[in-house]
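Enquirer: okay, sequence plus prediction incoming.
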Amino acid sequence: MLDTGEFDRWFKSGKLTLESARHDLGGGFYNWACFKAQQSAELAVKAYFYGIGQPKTGHTVSYLLSLLNVPQDLVDKAKYLDKLYIPTRYPDAWQSETPQYYYTKGEAEEAIKYAEEIINYIEGLWRTLLQREKERGGK
């Protein structure tokens, strides 16, 4: 049986985090936009696993997506996002300066675009699952 409440809770968090990433992009906080794009994709993918009753831990979006046998191009986009998880936040990931210095508007835009694609894919996958459940006479 699907857990739509848990899916909705995690998925909503993912979408709100993506919205926050867009605000950071607009404010010039490119490192935070990149990080939040990664987080939004992670939350969305985890939403799916929570929804099917198989919650997953970890932060590697590409690995989580590979468990779902998604198209390779989506996994590759997730790999881009995975690389944004730590160095976007920690000054000691860099020899000098702060993370803000190392990220560009273009990178933030790309991260947000990839996160949107992952979120949209997961949403479509979930809708398909709900439809199948409905056809089988489920909730």
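Expert: Thanks, I have the structure now.

Enquirer: Gln39 contacts Thr17, doesn't it?
Expert: Yes - applying Cβ atoms under 8 Å as the test, Gln39 and Thr17 come out as touching, 5.0 Å apart. Where you see a C-beta, it was placed from the backbone N, CA and C, and this is true even at glycine.

Enquirer: so Thr98 is in contact with Tyr90, correct?
Expert: No - with contact defined as Cβ under 8 Å, Thr98 does not count as touching Tyr90 (9.4 Å).

Enquirer: so what sits against both of the two?
Expert: Here Thr98 and Tyr90 share no contacting residue, scored by Cβ atoms under 8 Å, 6 or more residues apart in numbering.

Enquirer: and the residue positioned nearest the centre of the chain, what does it touch?
Expert: The residue lying closest to the centre of the chain (Cα atoms, centre = their mean) is Ala41, at 0.4 Å. Contacts of Ala41 were listed using Cβ under 8 Å, 6+ apart, and they are 14, 61, 78, 81, 114-115, 118-119.

Enquirer: okay, Gly138: pLDDT?
Expert: Gly138 is assigned 58 on the pLDDT scale.
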